[in-house]
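Student: Return a 3D structure for these sequence lines:
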Amino acid sequence: MKVFLDHYCRLLKAMAVVLLALMVVLVFSNVVLRYAFNSGITVAEELSRWMFMWMTFLGSIYALREHQHLGTDTLISRLSPRGRQLCLLVANLFMLWVCWLIFSGSLAQTRLNWNVSAPSSGFSLAWFYSAGIVFSVSAVVILIEQIISLLRGNIPVSATAEEQA
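Tutor: Okay, here's the model as predicted:
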């Protein structure tokens, strides 16, 4: 499972880089076309917005896997290893619940907008809302792997100040 998630997250990271590059090209080209030639790419704003949203969700999956989200360990670092394990287990269970909320809301929006076309591109708006589905399913797999690791005794918390000295 770990090897699969490592490869999957590398793929997501590459996709986020590609989306960022495409966004830069689209927006820069549109700016140049508007100011230099008084024209523009009609779908540039819409597509760049969609790419930004997908890039954000894909980056969030990668950040979750790599433990890169902002967090503080002021309380957790002062707890015993058992207390740390309990706090992290509760936090991961709450995150699973939030993933369920994101999944159910995104699925409902995707179903509602399946036959609705975007104004500029004409693409189905379901593609826009399906990013939440991809995020929540991916995050659930990562969180379950982290919970299993946590229950096996691997606590991914930095050492306390006394242990570092």
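
Student: How about residue 106, nearest residue that isn't a chain neighbour?
Tutor: residue 132 (2.8 Å; CB to CB, 6 or more residues apart in numbering). From N, CA and C alone the C-beta is placed, and that goes for glycine too.

Student: Same question for residue 42.
Tutor: residue 120 (5.4 Å).

Student: ok, that neighbour touching residue 41?
Tutor: No. Here residue 120 does not reach residue 41: they are 9.4 Å apart, not a contact under CB atoms under 8 Å.

Student: Quick check on those two: which one has the bigger neighbour count.
Tutor: residue 41 (16 against 13; other CB atoms under 10 Å).

Student: Okay, and that one sits in which element?
Tutor: For residue 41, there is no enclosing helix or strand under DSSP states H and E.

Student: Look up how far residue 31 lies from the residue of the chain most remote from its centre.
Tutor: What lies farthest from the middle of the chain is residue 37; by CA atoms, centre = their mean that is 37.3 Å. Noted for residue 37: a distance of 11 Å to residue 31, by CB to CB, to the nearest Å.

Student: and for those two, which residues touch both?
Tutor: Counting by CB atoms under 8 Å, 6 or more residues apart in numbering, residue 37 and residue 31 have no contacts in common.

Student: list the contacts for the most centrally placed residue in the chain?
Tutor: Nearest to the mean C-alpha position of the chain, counting by CA atoms, centre = their mean, stands residue 60 at 2.4 Å. By CB under 8 Å, 6+ apart, the residues touching residue 60 are 69, 135, 139.

Student: change it to 7 Å
Tutor: residue 135 (CB atoms under 7 Å, 6 or more residues apart in numbering).

Student: helix or strand for it, which one?
Tutor: Assessed by DSSP H and E, residue 60 sits inside helix 44-65.

Student: what is the mean pLDDT for the helix or strand that comes right after that helix?
Tutor: Heading C-terminal from helix 44-65, the first helix or strand you meet, by DSSP H and E, is helix 81-112. Predicted confidence along helix 81-112 averages 93 (mean pLDDT).

Student: which element follows helix 81-112 toward the C-terminus?
Tutor: helix 126-151.

Student: For that next one, name the packing helices and strands.
Tutor: Contacts defined by 3 or more CB pairs under 7 Å, 6 or more residues apart in numbering; DSSP states H and E place helix 126-151 against helix 44-65, helix 81-112.
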